[in-house]
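1. Make a model of this:
(one chain, ligands or ions: 1)
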Amino acid sequence: MPDEKTFGAKAHKALAKRGPLCVGVDPHAGLLRHWGLNDDVAGLERFSRTMVEAVAGTAAFVKPQSAFFERFGSKGIAVLEKVIADTRAAGALLLLDAKRGDIGSTMAAYADAYLDPASPLSVDAVTASPYLGFGSLTPLFDLAQAHNRGVFVLVLTSNPEGASVQRAKLKDGRTVAQSLVDDIAALNDDAEPLGSIGAVIGATIKGAPAETTGSFAAVREHTHGITHASPQSDSAHDLVKLNGPILVPGMGAQGGRPGDLKRVLGRAAAAAIPSYSREIARQGPSPAAIKEAVARTLEECRTALRR
Ligand SMILES: O=C(O)c1cc(=O)[nH]c(=O)n1[C@@H]1O[C@H](COP(=O)(O)O)[C@@H](O)[C@H]1O
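-> Below is the predicted model of the structure:
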């Protein structure tokens with residue numbers, strides 16, 4: 001029986017209603033300059049709140065990147081709190097890109113910061129790094145479940161350096177990335193219509209899932225010098241069982257295109273959340289130009305995912 005209150009159900013509904021798009025709010029110093037703003041707290045606030053005002057009524061998801069706010073200290077965090085409130089009011093789901101990962105006891109404090117409804121930084125879902133071990137994220141998963149929030153676990157990141165860790169092989173022959181997918185799948189288990197634990201898979205990764213290649217070429221291609229390779233292993237990025245939303249960064253500025261969504265995700269592309277930051281923000285500061293870019297990008301993603 002589907003539980004409509006869970007983050008997975010809300011993400012599923014948002015994808016169906018608003019369409020497959022996440023807009024990142026990444027106030028780079030260069031973008032502030034491009035908008036004619038100073039690289040200070042006032043510039044940060046003007047940029048971020050203009051972005052939210054232009055996109056959060058249309059895009060299903062808005063994803064502020066915490067680092068750009070943190071660099072201004074407490075005043076920057078205060079702006080992030082306003083961004084969170086504005087996004088909520090406009091009806092988009094809030095993903096905070098914080099990429100936290102620590103020992104379990106500290107992870108519990110991160111969970112309180114981002115997923116406890118009483119926190120001023122409380123959001124719908126947060127990104128997390130599993131490289132202290134997937135199990136170290138358990139406090140985050142537990143609080144997410146308790147409060148109907150979500151977690152997006154980094155699996156195959158959009159940067160080329162990620163492959164050296166993520167494509168490395170475990171003793172059982174699976175890649176680290178595949179073991180993460182399997183761990184997430186176990187948490188999402190029989191959730192309907194979608195589990196609340198998501199994966200992050202960059203649009204820029206090379207190769208394709210096992211289901212479309214029928215081989216493990218994808219894994220071999222993306223090794224950047226590391227030798228993997230046994231075709232009999234069951235370790236390509238097989239996403240079919242994931243049963244969770246898939247955040248797909250690397251779109252636009254990093255070279256990912258809507259046509260990459262199906263190439264990278266195969267059948268799991270139905271749960272794709274393509275995410276663009278700089279490509280959309282570069283169209284500013286005119287809110288009308290930002291809105292236009294959102295509408296055009298959403299249509300391109302819709303079309304690519306329909307095919
Ligand atoms: O978790 C993320 O959002 C993320 C994961 C990843 O693999 N690659 C990646 O670029 N990101 C984030 O997505 C955003 C990409 O920004 P643009 O390249 O400007 O679209 C940045 O905020 C990154 O920190």
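2. Got phi/psi on the residue nearest to Leu96 when sequence neighbours are not counted?
-> In space, and not counting its chain neighbours, Leu96 is closest to Val123: 4.3 Å by C-beta to C-beta, 6 or more residues apart in numbering. C-betas here are computed from N, CA, C, even on glycine. Main-chain torsions, Val123, degrees, to the nearest 10: phi -130, psi 180.
3. Check the burial of Val123 by counting its neighbours.
-> Counted with other C-beta atoms under 10 Å, the neighbours of Val123 add up to 25.
4. and it, what is it in contact with?
-> By C-beta atoms under 8 Å, 6 or more residues apart in numbering, the residues touching Val123 are Ile84, Leu94, Leu95, Leu96, Tyr114, Leu115, Arg149.
5. Among those residues, which ones are in helices?
-> Counting by DSSP state H, the contacts of Val123 place Ile84, Tyr114, Leu115 in helices.
6. Now rank these by neighbours and give me the top one.
-> Highest count within these by other C-beta under 10 Å belongs to Leu115, 29 neighbours.
7. And the pLDDT for Asp190?
-> Asp190 is assigned a pLDDT of 89 by the prediction.
8. Look at it and say how many residues are nearby.
-> For Asp190, using other C-beta under 10 Å, the count is 6.
9. Okay, it and the ligand: tell me how far apart.
-> With distances taken as C-beta to the nearest ligand atom, to the nearest Å, Asp190 is found 27 Å from the ligand.
10. so which helix or strand takes in Ala295?
-> In this assignment (DSSP states H and E), Ala295 forms part of helix 287-306.
11. Please report the distance of Thr106 from the ligand.
-> Distance, Thr106 to the ligand, using C-beta to the nearest ligand atom: 20 Å.
12. and if you look at Val52?
-> Taking C-beta to the nearest ligand atom, one finds Val52 at 15 Å from the ligand.
13. Wasn't Pro285 part of a strand?
-> No - checked against DSSP: H, G, I helix; E, B strand; the rest coil, Pro285 lies outside a strand; its state is coil.
14. show me the contacts for it.
-> Trp35, Gly36, Leu37, Phe47, Thr50.
15. wait, doesn't the fourth one sit right on His34?
-> Okay, so that is Phe47. No - using C-beta atoms under 8 Å as the test, Phe47 is too far from His34 to be in contact (9.6 Å).
16. Neighbour count: those two, which is higher?
-> Phe47 (25 against 15).
17. Skipping adjacent residues, who's closest to that one in space?
-> Pro27 (4.7 Å).
18. tell me the SS of the one you found?
-> Assigned by three-state DSSP, the conformation of Pro27 is coil.
19. can you count the residues close to it?
-> Pro27: 29 neighbours (other C-beta under 10 Å).
20. Okay then, goodbye and thanks.
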